[in-house]
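Q: next comes the sequence, and after it the predicted model I'd like to discuss.
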Amino acid sequence: MVVGTLKIRLRLAENHSLKGKRKVVKSIMAQMGNRFNISVAEVALNDAWQQAEIGVAAVGNSEAFINSVLDKVMDFVERTVPAEVLHYDLEILHLGDGAL
């Protein structure tokens, strides 16, 4: 089993309240989850109204597939999300052979 994780830090310069941030972040996460069939959550900076940190996880049986999915997620974020990407970390983990 291969697990890929992606942590994305965004700057939401046009935001002026936590309510506005939550609306934007929830929309981004819903679009990402629906489009790429991944798990998505806001993982940090919950009280900062101009920054957000989003965590993404994808599971599969091929490193190439997981890497491709996460690359497509980053491309989507950079092209369509109304925010500046400040930083991102991508990690691929290989977990056991599945035998119990």
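A: All right, it came through fine. Quantities reported herein were computed from a predicted structural model and do not represent experimental measurements.
Q: contacts and neighbour counts: CA atoms only from here.
A: Will do.
Q: got the buried residues for the lowest-mean-pLDDT helix or strand in the chain?
A: Ranked by mean pLDDT, DSSP states H and E, the weakest helix or strand in the chain is helix 18-36, scoring a mean of 89. Across helix 18-36, burial judged by 16 or more other CA atoms under 10 Å covers 21-22, 24-25, 28-29, 31-33.
Q: and that helix, what other elements does it pack with?
A: strand 39-44, helix 63-80 (3 or more CA pairs under 8 Å, 6 or more residues apart in numbering; DSSP states H and E).
Q: could you save these as TSV and add columns showing mean neighbour count, mean pLDDT and distance to residue 57?
A: Below are the helices and strands packed on helix 18-36 laid out as TSV (neighbours: other CA atoms under 10 Å; pLDDT from 0 to 100; distance: least, CA to CA, whole Å):
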stretch	mean neighbour count	mean pLDDT	distance to residue 57
strand 39-44	17	91	5
helix 63-80	15	92	9
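Q: so who does the spatially most central residue of the chain touch?
A: Nearest to the geometric centre of the chain sits residue 56, at 3.8 Å (CA atoms, centre = their mean). Under the criterion of CA atoms under 8 Å, 6 or more residues apart in numbering, the contact list for residue 56 reads 5-7, 38-41.
Q: so what's residue 42 closest to, chain neighbours aside?
A: Leaving aside its chain neighbours, residue 42 sits nearest to residue 54 (4.4 Å; criterion: CA to CA, 6 or more residues apart in numbering).
Q: for residue 21, see how far away that neighbour is.
A: Counting by CA to CA, to the nearest Å, the gap from residue 54 to residue 21 is 13 Å.
Q: with residue 5 instead?
A: Per CA to CA, residue 5 is found 23 Å from residue 21.
Q: returning to what we had before: helix or strand: which one has the residue nearest to residue 42?
A: strand 51-60 (DSSP states H and E).
Q: that strand: partners in the sheet, and parallel or antiparallel?
A: strand 2-11 (antiparallel), strand 39-44 (antiparallel) (DSSP bridges).
Q: so which bits of that strand are buried?
A: Neighbour-count burial for strand 51-60 flags 51-59 (criterion: 16+ other CA under 10 Å).
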